[in-house]
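A.B. asks: Here's a sequence, model it:
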Amino acid sequence: MSWGALPGPAGVPADRLAARRHRVLLREELPRVRESALAWRNGLAALLAGLVGFGLLRGRSDVGSLAAPYAVTVGAVLLLALLCGGAGGLSLVRAAHGRPAAPRATAGGTHTSRIDSAASDHTEALRAAQALARGVPLTLWCAALLTAAVALTWYGPSKDGPRVAVTTPDGTVCGDPLRTHGGRMTLQTDAGRVTADLTRATTVHAVTSCVPLPTGG
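C.D. replies: Presented below is the predicted three-dimensional model:
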C-alpha cells in the first residue's frame, strides 16, 4: 500500500484575501513592535528624568548625613535601581533598534529571498516583543526603587553630630552646638536652646551623647 500527497481543495477568493492580509500583517509586524518600543522608551525615560530631578531638588544632598543603617540602605536601593535601569534601558533599546549588527546582504527580487526576509522579520519581531516585555517592568522597578530611595532620604533620621558638654559653677549644659559669639555658646538641648558662658566654664569637652546631668543652681 503506497501513500501519496493529494492536492487540497481549490482556493477561493476569501482564501486569497486572508493570505494577502496575513502577508500585510507580517510585513507591518516588526515596524509596529519597534514603534511601540520607541513610545515606551521615551515615556519611561521622561518618568525617570522627572524622578531624578525631583529627588535632586527635594532630597538630601548628602546621603552620608543619614543615620545608620539608613545610609547603607539608600546606597543598596540606588545600586538596585541602577542595575534595573541599565538592564531595562538596554532591553528597550534592543526592542526599538534591534541588535548592534550589520545587516546581511541578500539577493533581492526572488521568491525565496522574500520568504526568508519575511521569516527573519517575524523572528526579529518576536525577539523585539520579548525585549520590550522585559524592559518595561525592569524600568518600572527602577522608578519604584528611585522613589523608595528618595523617600528614605526625606524621612530617614539624621546622623547625630558631636555634642558638647559645658560645665560652669551653675552646672553642666549638654547639647548640639549652634553658634559661639562673645564668649558665649548657644546649645540646642532637649529642653530647648541654652546659652552657656564660656568665660565661667571649668570644662568644655565633646561627648557622643548627653546623659541626664544636674544643672545645679
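A.B. asks: could you measure His122 against Ala96, distance?
C.D. replies: 18 Å (CB to CB, to the nearest Å). C-beta coordinates here come from the backbone N, C-alpha and C atoms, glycine included.
A.B. asks: Of those two, which one has the most company?
C.D. replies: Ala96 (21 against 15; other CB atoms under 10 Å).
A.B. asks: so who does the closest residue in space to the more buried one that isn't next to it in sequence touch?
C.D. replies: Spatial nearest neighbour of Ala96, excluding adjacent residues (CB to CB, 6 or more residues apart in numbering): Ala37 at 3.9 Å. Taking CB atoms under 8 Å, 6 or more residues apart in numbering, we find Ala37 in contact with 92, 95-96, 128, 131-132, 135.
A.B. asks: gap between Ala37 and Ala143?
C.D. replies: When Ala37 is compared with Ala143 (using CB to CB), they lie 18 Å apart.
A.B. asks: With Ala76 instead?
C.D. replies: 17 Å.
A.B. asks: With Leu6 instead?
C.D. replies: 59 Å.
A.B. asks: Met185 belongs to a strand, doesn't it?
C.D. replies: Yes - according to DSSP: H, G, I helix; E, B strand; the rest coil, Met185 belongs to a strand.
A.B. asks: That one reaches Arg163, doesn't it?
C.D. replies: No - contact criterion CB atoms under 8 Å: Met185 and Arg163 do not qualify, at 11.9 Å.
A.B. asks: Among these two, which residue is more densely surrounded?
C.D. replies: Neighbour totals were compared for Met185 and Arg163, and Met185 leads with 21 against 18 (other CB under 10 Å).
A.B. asks: Thanks a lot, catch you later.
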